[in-house]
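Chemist: just to be clear, the model below is a prediction. Sequence and coordinates:
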Amino acid sequence: MRFGFQVKVDRGFEEALCYAIELGCETIQTLITSPLSWRISKNPQGLKWYVKELKDNDIYPVAIHSPYLLNLASPQEEVFRKSLVILGEHLWYADEAEADFVIVHAGSHKGAGFSVGMERLTSALQRLAEAHKGRTMILVENTPGGGGGMCSSLKEMETLLKKVDSDKIGICLDTCHLFAAGYDLTSEERVNEFSKEAKSKLGERLKLLHLNDCKTPLGSKLDRHESLGKGGIGLKGIRAIIKDPYLGVLPAIMETPYDPEEDRYNIFIAKNLRGEE
């Protein structure tokens with residue numbers, strides 16, 4: 001398992017690169033626009049240089065996270081349309097820069113019902129998959145399940161993958177979201193049970209982990225990330241995830257509470273659990 005963080009680029013790509021190298025990142029995730037904005041006016045200057053420098057420094061794969069406002073499952077036409085456009089722009093810019101993945105939250109049906117939300121989500125993904133000729137993949141991230149959140153269960157993610165049968169679409173699993181959705185990941189036994197089900201339903205289309213502990217109790221349906229070992233999953237669960245034969249070969253991005261000291265703590269813990277001194 002390769003470890004890294006969602007690294008801020010608000011002070012420029014060069015500073016973000018230096019921070020990633022300083023931390024000892026082996027993979028990375030970044031945002032190329034404000035996570036709470038609908039706007040992306042042009043290809044961010046320096047993105048291609050940034051991705052190349054990351055890979056030249058053995059930091060890969062490179063993921064770009066789309067804004068949190070996007071909702072491809074929305075029953076509201078304007079929200080759906082803007083989400084499709086912004087995700088498409090992110091995909092084109094990421095591909096031009098030779099980034100590996102663009103991540104998007106599965107979104108919420110906003111009370112319209114799961115079947116409506118799934119139809120919206122899969123139709124948007126199918127359109128993008130058919131239009132996109134590059135190598136960058138879209139990874140759909142699971143939600144904790146609150147507020148009509150889509151793809152909070154492995155069964156729902158399996159349904160999505162069956163409806164969008166394309167090598168351009170994959171899955172990103174967030175461990176905090178899984179725990180909040182009700183998946184017990186606190187022991188080797190529980191992780192092994194989850195891993196077997198995930199492998200049977202997601203197979204090789206699971207491409208990335210968001211390795212986060214969870215501040216809230218099992219099944220809370222609340223998205224509250226915590227540093228490794230300091231939440232409900234705990235160090236035994238995090239260790240089991242890292243050591244698991246199916247999950248443990250994936251790149252893992254930590255989206256733990258941002259703080260340089262916490263970042264250093266988290267990557268130390270992750271590498272230590274992997275077996276490094």
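Modeler: Perfect, thanks for sending it. Quick caveat: nothing in here was measured; it's all calculated off a predicted structure.

Chemist: how about the helices in the chain?
Modeler: Using DSSP state H, the helices of the chain run over residues 13-23, 47-56, 77-96, 114-131, 154-163, 175-181, 188-202, 234-243, 260-274.

Chemist: measure the residue nearest to S108 when sequence neighbours are not counted to R120 for me?
Modeler: Leaving out its chain neighbours, the residue that sits closest to S108 by CB to CB, 6 or more residues apart in numbering is G148, at 4.2 Å. (Each C-beta comes from the backbone N, C-alpha and C, glycine too.) According to CB to CB, to the nearest Å, G148 stands 12 Å off from R120.

Chemist: likewise for K8?
Modeler: K8 is 31 Å from R120, where distance means CB to CB.

Chemist: between the two, who's got more neighbours?
Modeler: The residue with more neighbours, out of K8 and R120, is R120; 25 against 12, by other CB atoms under 10 Å.

Chemist: which residues touch that one?
Modeler: Applying CB atoms under 8 Å, 6 or more residues apart in numbering to R120 gives the contacts L72, A73, S74, P75, F80, H109.

Chemist: okay, these in CSV with distance to S115, neighbour count and pLDDT next?
Modeler: Formatted as CSV, the contacts of R120 follow (distance: CB to CB, whole Å; neighbours: other CB atoms under 10 Å; pLDDT from 0 to 100):
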residue, distance to S115, neighbour count, pLDDT
L72, 15, 26, 97
A73, 11, 29, 97
S74, 14, 24, 96
P75, 11, 18, 95
F80, 16, 20, 96
H109, 8, 23, 97
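
Chemist: just give me the closest of those to D263.
Modeler: L72 (30.4 Å; CB to CB).

Chemist: burial count for the spatially closest residue to the closest one that is not a sequence neighbour?
Modeler: In this structure, L72 finds its nearest non-sequential neighbour in A124, 4.3 Å apart by CB to CB, 6+ apart. Applying other CB under 10 Å, we find 25 residues neighbouring A124.

Chemist: picking up where we left off before, mutual contacts of G148 and R120, please.
Modeler: By CB under 8 Å, 6+ apart, G148 and R120 have these common neighbours: H109.

Chemist: hmm, K82 is touching W38, no?
Modeler: Yes: contact criterion CB atoms under 8 Å: K82 and W38 qualify, at 5.6 Å.

Chemist: one step back: so how far is F114 from the residue nearest to L72?
Modeler: 16 Å.

Chemist: before we move on, the earlier item: out of K82 and W38, which sits in the busier spot?
Modeler: Relative neighbour count places K82 above the other of K82 and W38, with 18 against 14, counting by other CB under 10 Å.

Chemist: who are the neighbours in contact with the more buried one?
Modeler: K82 sits next to W38, L70 when contact means CB under 8 Å, 6+ apart.

Chemist: and the pLDDT at it?
Modeler: For K82, the model assigns a pLDDT of 94.

Chemist: next: L235.
Modeler: On pLDDT, L235 comes in at 97.

Chemist: now I40
Modeler: Here the pLDDT value assigned to I40 is 67.

Chemist: could you do the one 4 residues further on as well?
Modeler: The predicted local distance difference test score for P44 is 84.

Chemist: ok, the residue lying closest to it once chain neighbours are set aside to P245 distance?
Modeler: Once flanking residues are discounted, P44 sits nearest to I32: 4.8 Å by CB to CB, 6+ apart. Using CB to CB, I32 is found at 34 Å from P245.
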